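J.: sharing a model prediction with you, sequence too.
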Amino acid sequence: MSIASLIFANEDQVELPIELRQLRYFVRAVELGSIRRTAAELGVTVSLVTQDLDRLEAQLATQLLRRTRNGLMPTDAGFAFLRHAQLTLQHAVDAVEAARQKRLVGHVSVGLPPSTAAVLGVPFVMAMRERHPELRVHLVEALSGHLAAMLDARQLDLALVARGNAVRRWSIRPLIDERVYLLGRADLPGFPSAETLSLADLGALPLVMPSGSHGLRALLDAAFARAGVQPHIAFEIDGLALLMDAVCAGLGATLQPGSVICREPGRQLKARLIADSDARRQTLIASPSEDELSPAAQATRVVIADVARDLAIGGHWPGTTFHDLNAASEES
């Protein structure tokens with residue numbers, strides 16, 4: 001096998017040598033929608049591109065491309081193959097560059113939910129700059145559900161998601177468990193004075209919460225149901241910044257993980273720990289699969305775990321229990 005080829009095995013364990021050149025032609029053909037334009041851009045003949053694409057389809061025993069009035073389009077199999085081909089080419093480029101520079105290089109994309117980004121985001125970026133300054137880091141802040149969809153579409157290398165948002169086929173490792181706090185203004189009518197309370201103690205206290213599509217809301221709705229409590233949801237706001245603005249304006253209290261406390265310094269909000277055992281959120285580090293993780297992504301996962309551990313142990317992440325990432329990974 002040449003250095004420019006890969007060995008894939010099908011279900012019958014038949015080896016299929018696939019050239020990186022074939023992947024390159026396939027990706028550009030999809031992106032440009034034309035074999036002729038692909039050949040012109042890459043400085044090769046149309047017949048060479050056509051022959052390599054035909055050979056690729058024959059090796060995979062499936063049609064990847066179809067010709068339409070609007071140009072070349074991938075089939076369903078082609079769409080499924082495309083992201084893997086892109087990743088393989090990027091990993092190959094990173095590997096060559098790493099060998100030339102004699103150090104880890106490349107890029108990595110990481111997704112963080114807003115509440116977690118509030119406490120983890122900046123320390124993580126600073127740690128990456130210190131430990132792996134050669135890596136290009138792309139951070140995405142979005143709700144866990146959106147991050148899950150991006151991870152499933154191979155648009156992220158790693159994402160921190162709530163356990164309830166994990167899907168099959170992922171490689172997941174528990175990172176932290178977070179206790180939930182009641183946050184609100186002390187002068188809000190009915191706001192409890194006790195430092196620790198249960199969901200049953202909230203009574204008719206108006207709450208400002210994300211909608212039911214949010215993972216935290218689903219978790220808390222289940223906890224309320226088990227406690228036999230009907231919460232008073234005054235407002236539903238899907239957006240952490242606006243939600244907390246509403247709480248600071250006295251429109252109600254909210255239930256959030258301890259990381260949100262770190263997002264609101266100086267806003268004079270009071271925090272009350274919720275004692276219910278099921279009023280807690282587990283956050284996972286997830287990737288599409290262990291096999292797809294680049295060296296850059298593997299190194300980044302270690303940094304995320306190290307920063308989370310230091311924040312939890314140092315008391316900078318309220319209500320957090322850290323999970324040792326060296327434990328065996330789970331397949332969701």
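T.: Structure received.
J.: which strand residues bridge the closest residue to Ala234 other than its chain neighbours?
T.: Once flanking residues are discounted, Ala234 sits nearest to Pro206: 3.7 Å by Cβ to Cβ, 6 or more residues apart in numbering. Quick note: C-beta positions are derived from backbone N, CA and C, even for glycine. Counting by DSSP bridges, Pro206 is bridged to His232.
J.: list the contacts for Pro206?
T.: Leu188, Gly190, His232, Ala234, Phe235, Leu251, Gly252, Ala253 (Cβ atoms under 8 Å, 6 or more residues apart in numbering).
J.: again, but for Ala58
T.: Ala58 neighbours (Cβ under 8 Å, 6+ apart): none.
J.: how about the secondary structure of it?
T.: Recorded secondary structure, Ala58: helix (DSSP: H, G, I helix; E, B strand; the rest coil).
J.: distance of it relative to Glu19?
T.: 13 Å (Cβ to Cβ, to the nearest Å).
J.: buried residues in the particular helix or strand that has Leu53 in it?
T.: If you go by DSSP states H and E, Leu53 is part of helix 46-60. Neighbour counts using 16 or more other Cβ atoms under 10 Å place Val49, Thr50, Asp52, Leu53, Leu56, Glu57, Gln59, Leu60 of helix 46-60 among the buried residues.
J.: what do you get for stretch 231-244?
T.: Here stretch 231-244 shows Pro231, Ile237, Leu240, Leu243, Met244 as buried, counting by 16+ other Cβ under 10 Å.
J.: check stretch 129-136 too.
T.: In stretch 129-136, counting by 16+ other Cβ under 10 Å, buried: His132, Leu135.
J.: state the phi and psi torsions of the closest residue to Gly71 other than its chain neighbours.
T.: Distance criterion Cβ to Cβ, 6+ apart; nearest residue to Gly71, sequence neighbours excluded, is Gly33 at 3.4 Å. Backbone torsions of Gly33, given as degrees, to the nearest 10, read phi 70, psi 20.
J.: show me where the stretch 1-150 of the chain has strands.
T.: 5-9, 15-19, 65-68, 71-74, 106-112, 135-141 (DSSP state E, counting those that start in this stretch).
J.: take those and lay them out in a markdown table including distance to Leu156 and mean pLDDT.
T.: Listed next are the strands of the stretch 1-150 of the chain as a markdown table, based on distance: least, Cβ to Cβ, whole Å; pLDDT from 0 to 100:
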| stretch | distance to Leu156 | mean pLDDT |
| --- | --- | --- |
| strand 5-9 | 23 | 44 |
| strand 15-19 | 25 | 67 |
| strand 65-68 | 26 | 89 |
| strand 71-74 | 21 | 88 |
| strand 106-112 | 5 | 90 |
| strand 135-141 | 7 | 92 |
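J.: of those strands, which approaches Gln282 most closely?
T.: Of all these, strand 106-112 sits nearest to Gln282, with 15.5 Å by Cβ to Cβ.
J.: ok, that closest one: who's next to it in the sheet?
T.: With DSSP bridges as the test, strand 106-112 pairs up with strand 135-141 (parallel), strand 158-162 (parallel).
J.: got the contact list for Leu42?
T.: For Leu42, the contact set (Cβ under 8 Å, 6+ apart) comprises Arg24, Tyr25, Arg28, Val49.
J.: please name the bridge partners of Gln256.
T.: Counting by DSSP bridges, the residues bridging with Gln256 are Tyr181.
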